[in-house]
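>>> What follows is a predicted protein model with its sequence.
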Amino acid sequence: MLNRGLKVVGGSDSIHVGTRGSAPALQATEPLSVQGESVARHPAITRALHWGTAAAIVIAVAAMFIRDAVEDKHVRQLLLEVHRQLGMLVLIAAALRIAARLRIGLADHAPGMAAALRRLAGAAHVLLYGLLIALPLVGWALCSAHGITVALLGAVQLPKLLSPDSELADTLSDYHVWLAWGLLVLVGMHVAAAIWHHFVRRDAVLRAMLPSRNRPY
């Protein structure tokens, strides 16, 4: 249950949510009714990047699993290219998410959570952002080591990060797979945490990140 006039501190940013008689500190939000209290939905740019990244990861992973199951060379190449393009989009989205979080901030919708759990959640988010950047970068470097030039959306040729080196490419391929599995595990934990917040703590963490609904709150 959110208290009226609650001061929320998230990292270096402090904001007020659910305070009657005063405007919320974070303006780029939408109202969301939770258990009779009015709280701020995360900014539209934050929600769009969050769900866009999630969709890109799911499709990129699915593309590689499907590629392993088919034998047609053209289909395999197409799926690999889809994987590469989505990886680069995830890299761009991750950079934008970090910039948006630093610029806009992120409201805390889990008041009263234990300090140890809060620190654990913060560390998990840092690790998640790190993997969202490291995984595409390693994939990009892997393409360079194979002598492949990546063209973003087929139009913008990206510079090669490394000189062609087949032995290094094999090593980077292993790193890429390990990082991918690490990301999937962390994403699974992220989903489990969101479900826990929604059904056990019954706070607004999940609902604040949901897409807008075209109806009054």
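Looks like it came in fine.
>>> What sits closest to residue 127 if chain neighbours are left out?
residue 186 (6.3 Å; C-beta to C-beta, 6 or more residues apart in numbering). All C-beta spots, glycine's among them, are computed from the backbone N, C-alpha and C.
>>> Spit out the contact partners of that neighbour.
124, 127, 128, 131 (C-beta atoms under 8 Å, 6 or more residues apart in numbering).
>>> Quick one: those residues as TSV, columns for pLDDT and neighbour count too.
As requested, the contacts of residue 186 are exported to TSV (pLDDT from 0 to 100; neighbours: other C-beta atoms under 10 Å):
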residue	pLDDT	neighbour count
124	93	14
127	95	14
128	94	18
131	96	19
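>>> So which of those residues is the closest to residue 108?
Checking those against residue 108 with C-beta to C-beta, the nearest one is residue 124 at 15.2 Å.
>>> Give me the distance between that closest one and residue 178.
To residue 178, residue 124 is 18 Å away according to C-beta to C-beta, to the nearest Å.
>>> Near residue 176, how many other residues are there?
Burial of residue 176 is recorded as 19 neighbouring residues (other C-beta atoms under 10 Å).
>>> Which secondary structure state does the closest residue to it other than its chain neighbours sit in?
Nearest non-adjacent residue to residue 176, counting by C-beta to C-beta, 6+ apart: residue 138, 4.9 Å away. Three-state call for residue 138 (DSSP: H, G, I helix; E, B strand; the rest coil): helix.
>>> which residues sit in contact with residue 138?
Listed by C-beta under 8 Å, 6+ apart, the contact set of residue 138 reads 172, 175, 176, 179.
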